[in-house]
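K.L.:
Sequence and predicted model, in that order:
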Amino acid sequence: MSYRADPSFISQLRKYGAVNIESCFNCGNCTAVCPLSSDEDNFPRRMIRYGQLGMKDKLLGSKELWLCYSCGECTATCPRQADPGEFMAAARRYAIARYDRVRLASLMYTSSIFNLLFLLFLAVVLGTFIYSFHGSMPTQSLRLFDFIPSEVIHDAGIIAGLVVILIAMLGSFSMISNIRRNIAIPEDIRFDHKSAMTETIAEVFTQRRYRRDCKTSLKTQPWYFQKWFLHASMLWGFMGLFLATALDFFLALTGTKPTGTWVPIWYPVRLLGTLAGLMLMYGTTGAIVKRLLKGDDSYRHSTSTDWSFLVILWLSGLTGFVLEVAVYLPEPHAWSYWMLLAHLIIVGELLILLPFTKFAHVIYRTMALYVHALKPLPETEPAVTEVKE
């Protein structure tokens, strides 16, 4: 199949990050040093070549985009300072924007001003909407859900979650369609989906390849400040908080513990949420510090969307902890009610913007890992029938 080269594509990609692949002469060093690259999954060199030639569809249909964890080894050893790691990051931002049918991601990625204004606008809309349901602020005791009814929070969260899932599914369909066009898959091959699912879940939750193979930071940093651990802390923290919220909702539905009931800190669901919140805060704080210091090649370039995602994630954890402190203070304080409103606005933004921000990599990387793990089932021998003479 022939392709028409489109040199102008580089200028489009440059809107999504500090792309400098004109200086790349395809020596292949980046692919040779990448611990995750293989003969089958050849990157970043192949991705860079797609970018240089303007092969958008091939780039969007490459699962290899999402197999990269941005360890920075390719950038650190590139003889032309072409920064392959940043190219991969910019290509992922471009892919998120193209998979998004609403086109909001493209606006947020390509304009820092729009990104900031939209975040502020969404905060105002969410704040106005939630506050419109407000009740009283009891001063004798802290009853947060007298101020914002838990039913409003639950119903709005479910509706927003369903809309986000729908948009994410449309984006996922775009991604899979591009990958299927990129990889010619014979129709008569049967794949081992069970093993692929098991391997994907193990990789997502243990960060096995990230931890074991991406060894750049192992040379100079303790394990608790390495990039994989900070990333894992954010992931485990978010998943823990999601699980704690779901359990709390379940307990309320079954009448076991109505939402807002005071419980000691060691109550299992509260303890799970507290520990998960600590993990989230540790991971996001570490990532923010690394981006500020720029000591790691993979953190040398940060876009406004990188910052806004991290800041929203960090603020969601901070406001959650301040609320928890307020619950255990001996006297109720009026600021606790406003902190609840702020926490709901920030968490709402995080949830609603999932398909349009860096958060979307949770979906696309998981899908790419699944496709990567898919292997054909062994062919079965035809049954031999004995014929008696």
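P.N.:
Everything's here; your move.
K.L.:
The host helix or strand of residue 200 packs against which elements?
P.N.:
Secondary-structure assignment from DSSP states H and E places residue 200 in helix 193-206. Judged by 3 or more Cβ pairs under 8 Å, 6 or more residues apart in numbering; DSSP states H and E, the packing partners of helix 193-206 are helix 227-253, helix 361-373. Where C-beta positions appear, they are placed from N, C-alpha and C, glycine not excepted.
K.L.:
The ones you listed: which one's closest to residue 338?
P.N.:
For residue 338, the closest of the helices and strands packed on helix 193-206 is helix 227-253, at 20.9 Å, according to Cβ to Cβ.
K.L.:
Can you list the low-confidence ranges for the protein?
P.N.:
Scanning the chain for pLDDT under 70 picks out 1-3, 215-219, 380-389.
K.L.:
State which helix of it is the longest.
P.N.:
With secondary structure taken from DSSP state H, the chain has its longest helix at helix 150-182.
K.L.:
That helix: how far from the chain's middle?
P.N.:
Put simply, helix 150-182 sits 14 Å off its chain's centre (Cα atoms, centre = their mean, to the nearest Å).
K.L.:
please begin residue numbering at 604 from this point
P.N.:
All right, first residue 604 from here; so that's helix 753-785.
K.L.:
one step back: following the helix holding residue 803, which helix or strand comes up?
P.N.:
helix 811-816.
K.L.:
outside of that next one, which residues touch it?
P.N.:
Contacting residues not belonging to helix 811-816 are listed as 638-639, 672, 674, 805-806, 831-832, 834-835 [Cβ atoms under 8 Å, 6 or more residues apart in numbering].
K.L.:
farthest pair in the residues you listed?
P.N.:
Going by Cβ to Cβ, the pair spanning the contacts of helix 811-816 furthest: 674 and 805, at 19.5 Å.
K.L.:
Neighbour count: those two, which is higher?
P.N.:
Taking neighbours as other Cβ atoms under 10 Å, residue 674 and residue 805 compare with residue 674 leading, 25 against 13.
K.L.:
if I look at that one, how far off is residue 813?
P.N.:
8 Å (Cβ to Cβ, to the nearest Å).
K.L.:
now swap in residue 837 and tell me
P.N.:
Taken as Cβ to Cβ, the span from residue 837 to residue 813 is 12 Å.
K.L.:
Look at these two and report which has more neighbours.
P.N.:
residue 837 (23 against 20).
K.L.:
OK, contacts around that one?
P.N.:
Taking Cβ under 8 Å, 6+ apart as the test, what residue 837 contacts is 882-883, 886-887, 890, 916.
K.L.:
Can you add distance to residue 667, secondary structure and neighbour count and give those back as TSV?
P.N.:
Conversion of the contacts of residue 837 to TSV gives the following (distance: Cβ to Cβ, whole Å; DSSP: H, G, I helix; E, B strand; the rest coil; neighbours: other Cβ atoms under 10 Å):
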residue	distance to residue 667	secondary structure	neighbour count
882	29	helix	20
883	29	helix	26
886	25	helix	24
887	27	helix	25
890	24	helix	21
916	26	helix	23
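K.L.:
that older thread, from the contact counts, what lies against the longest helix of the chain?
P.N.:
helix 659-663, helix 687-702, helix 715-734, helix 830-856, helix 938-955, helix 964-976.
K.L.:
Buried deepest among the ones you listed, which one?
P.N.:
Among those, ranked by average contacts under mean count of other Cβ atoms under 10 Å, first place goes to helix 687-702 (a mean of 25).
K.L.:
Going toward the C-terminus from that one, what's the next helix or strand?
P.N.:
helix 707-713.
K.L.:
Distance from the chain centre to that following helix, please.
P.N.:
Worked out by Cα atoms, centre = their mean, helix 707-713 lies 16 Å from the chain centre.
K.L.:
right, and residue 907 touches residue 715 too?
P.N.:
Yes. In this structure residue 907 lies within contact range of residue 715 using Cβ atoms under 8 Å: 3.9 Å.
K.L.:
can you give me the end-to-end distance of stretch 930-948?
P.N.:
19 Å (Cα to Cα, to the nearest Å).
K.L.:
List of residues touching that stretch?
P.N.:
By Cβ under 8 Å, 6+ apart, stretch 930-948 touches 726, 729-730, 733-734, 737, 740-745, 747, 750-751, 756, 865, 868, 919, 922-923, 925-926, 929.
K.L.:
Centre of the chain to it, how far?
P.N.:
The answer for stretch 930-948 is 29 Å, by Cα atoms, centre = their mean.
K.L.:
again, but for stretch 898-917
P.N.:
13 Å.
K.L.:
Would you indicate which residues of it are buried?
P.N.:
For stretch 898-917, the neighbour count (16 or more other Cβ atoms under 10 Å) marks 899-902, 904-913, 915-917 as buried.
K.L.:
repeat for stretch 913-930
P.N.:
913, 915-923, 926, 929.
K.L.:
Stretch 629-642 too?
P.N.:
Buried, per 16+ other Cβ under 10 Å, within stretch 629-642: 632-634, 636-637, 639-640.
K.L.:
Considering those, which is situated nearest to residue 784?
P.N.:
So of the buried residues of stretch 629-642, ranked by how close each gets to residue 784 (Cβ to Cβ), first place is residue 640, at 22.4 Å.
K.L.:
hang on, that closest one packs against residue 632?
P.N.:
No. Applying Cβ under 8 Å, one finds residue 640 not in contact with residue 632, separated by 11.3 Å.
K.L.:
just to revisit the earlier point, show me the contacts of stretch 930-948 that map onto helices.
P.N.:
726, 729-730, 733-734, 747, 750, 756, 919, 922-923, 925-926, 929.
K.L.:
Residue 873: what's its closest spatial neighbour, skipping adjacent residues?
P.N.:
residue 866 (5.4 Å; Cβ to Cβ, 6 or more residues apart in numbering).
K.L.:
Now do the phi/psi pair for that neighbour.
P.N.:
phi -140, psi 150 (degrees, to the nearest 10).
K.L.:
Any idea how many residues pack against it?
P.N.:
Around residue 866 there are 14 residues (other Cβ under 10 Å).
K.L.:
quick one: contacts for it?
P.N.:
With Cβ under 8 Å, 6+ apart, residue 866 has these contacts: 860, 872-873.
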